[in-house]
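Novice: Pasted the sequence and its predicted model underneath.
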Amino acid sequence: MSNPGTLYSVIMPLYNEGAHIVGNLQRTADALRLLGEFELIVVDDGSVDDSRAELERAIGLFPELRVFHIEHSGKGEALRRGAAEVRGKFVIFFDADLDLPPEQILFFIALQRAKNADAVIGSKMHADSTVDYPLIRRVYSLGYYLLVKALFGLPVRDTQTGLKLVRSDLLRQALAQTQVKGFAFDLELLVHLVRLQAYMVEAPVVVDFKIKFGGIGVATVWEIFSETMSTWWRLLRDR
């Protein structure tokens, strides 16, 4: 599956996953061992459950694992912190809750090699994706896609799926220009990758949705909209 000598770095942001993290790491490591050489980087985004203790236990179980802790700052900051530590030629962003089964990482790597892509972006809107989301979640996703398409014109339809593979040198260049810590981090990252002329392809995903999205409220929708518009305005001024 992997090229000889290629190291893959998998960054898993984590928040309050203590009850599941050891098992989730076991499943992820089992899948990644088919690659050859890899490293697992978990960034704990200020969890308030027993995640820290469980991660300390996991260090003794998985020799490929490195763990970092930050104050609660958002997923974007956790990914940024993990990216500063990678040693691999390719970096894979992957959520620690396993909403996206880790076996999909192998397909992303195969697709990157087949297309010689700089980045492979997971997309729930891909025709071959298997997604069991509530209807309201689909409506929000479609609305956000239309907003992002109108404002940024990105060559991908889904900016927010938590599985991405990026060439590490390009990732470092893009991250050096990002500022967002929260929801719009993925969006801002992709904008900068496009500006760096990264060749990216979309990939289908299977989503094993564990947390029902029906509880999203007007305040959350407004926060997402506000952060996205602020990102658009800042990037427009920085051109």
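Specialist: On my side now, so go ahead. These numbers were taken from a predicted model, which means no experiment stands behind them. Numbers count the residues shown, from 1 in each chain.
Novice: Point out the other helices and strands that the longest helix along the chain packs with.
Specialist: Secondary structure of the chain per DSSP state H: the longest helix is helix 218-237. Contact here means 3 or more C-beta pairs under 8 Å, 6 or more residues apart in numbering; DSSP states H and E; on that basis helix 218-237 packs against helix 135-152, helix 185-195. (C-beta placed from N, C-alpha, C; glycine too.)
Novice: now the angle between helix 185-195 and the longest one, please.
Specialist: If I follow you right, that is helix 135-152. An angle of 40 degrees separates the directions of helix 135-152 and helix 185-195 when computed by axes from the mean of the first three to the mean of the last three C-alpha atoms, to 10 degrees.
Novice: what does the helix or strand that helix 135-152 is followed by contact?
Specialist: Tracing the chain past helix 135-152, the next element assigned as helix or strand by DSSP states H and E is strand 163-167. Outside of strand 163-167, the residues within contact range by C-beta atoms under 8 Å, 6 or more residues apart in numbering are 89-95, 100, 104-105, 108-109, 112, 118-122, 174, 186, 193, 198, 205.
Novice: Among those residues, which are located in strands?
Specialist: Residues from these lying in strands, with DSSP state E as the criterion: 90, 91, 92, 93, 94, 119, 120, 121, 122.
Novice: Tell me which residues touch the last one, please.
Specialist: The one in question is residue 122. Residues 100, 104, 108, 158, 161, 162, 163, 164, 202, 203, 204, 205 are the ones in contact with residue 122 under the rule C-beta under 8 Å, 6+ apart.
Novice: from these, which is closest to residue 127?
Specialist: The shortest separation between residue 127 and any of the contacts of residue 122 is 7.4 Å, and it belongs to residue 204 (by C-beta to C-beta).
Novice: Could you count how many residues lie near that closest one?
Specialist: By the measure other C-beta atoms under 10 Å, the count of residues near residue 204 is 17.
Novice: Do I have it right that it meets residue 121?
Specialist: No - counting by C-beta atoms under 8 Å, residue 204 sits too far from residue 121 to count as a contact (10.9 Å).
Novice: I'd like to know how many residues surround residue 237.
Specialist: Residue 237 - counted by other C-beta under 10 Å - has 7 other residues nearby.
Novice: same deal with residue 239?
Specialist: Each residue near residue 239 was counted by other C-beta under 10 Å, and the total is 5.
Novice: Per-residue pLDDT of it, please?
Specialist: In this prediction, residue 239 carries a pLDDT score of 72.
Novice: Show the low-confidence segments of the protein, by residue range.
Specialist: Along the chain, the parts satisfying pLDDT under 70 run over 1-5, 209-217.
Novice: Go again with 90.
Specialist: Scanning the chain with the threshold set as pLDDT under 90 gives 1-7, 34-36, 74-76, 131-142, 179-184, 207-224, 227, 234-239.
Novice: Only the buried residues of stretch 94-112, if you could.
Specialist: Residues 94-100, 102, 104-105, 107-109, 111-112 are the ones in stretch 94-112 that count as buried (16 or more other C-beta atoms under 10 Å).
Novice: Endpoints of that stretch, how far apart?
Specialist: With C-alpha to C-alpha, to the nearest Å applied, stretch 94-112 spans 16 Å between its terminal residues.
Novice: what does that stretch contact?
Specialist: Looking at stretch 94-112 with C-beta under 8 Å, 6+ apart, the contacting residues turn out to be 1-2, 8, 10-14, 17, 20-21, 24, 27-28, 31-32, 34-35, 42, 90, 92, 117, 120, 122, 161-163, 165, 201, 203, 205-211.
Novice: how about a cut-off of 6 Å?
Specialist: Residues outside stretch 94-112 that contact it (C-beta atoms under 6 Å, 6 or more residues apart in numbering) are 10, 12, 14, 17, 24, 27-28, 31, 92, 120, 162-163, 165, 203, 205-208, 210.
Novice: one step back: closest to residue 181 among the ones in strands among the contacts of strand 163-167?
Specialist: Nearest to residue 181 among the ones in strands among the contacts of strand 163-167 is residue 93, at 14.9 Å by C-beta to C-beta.
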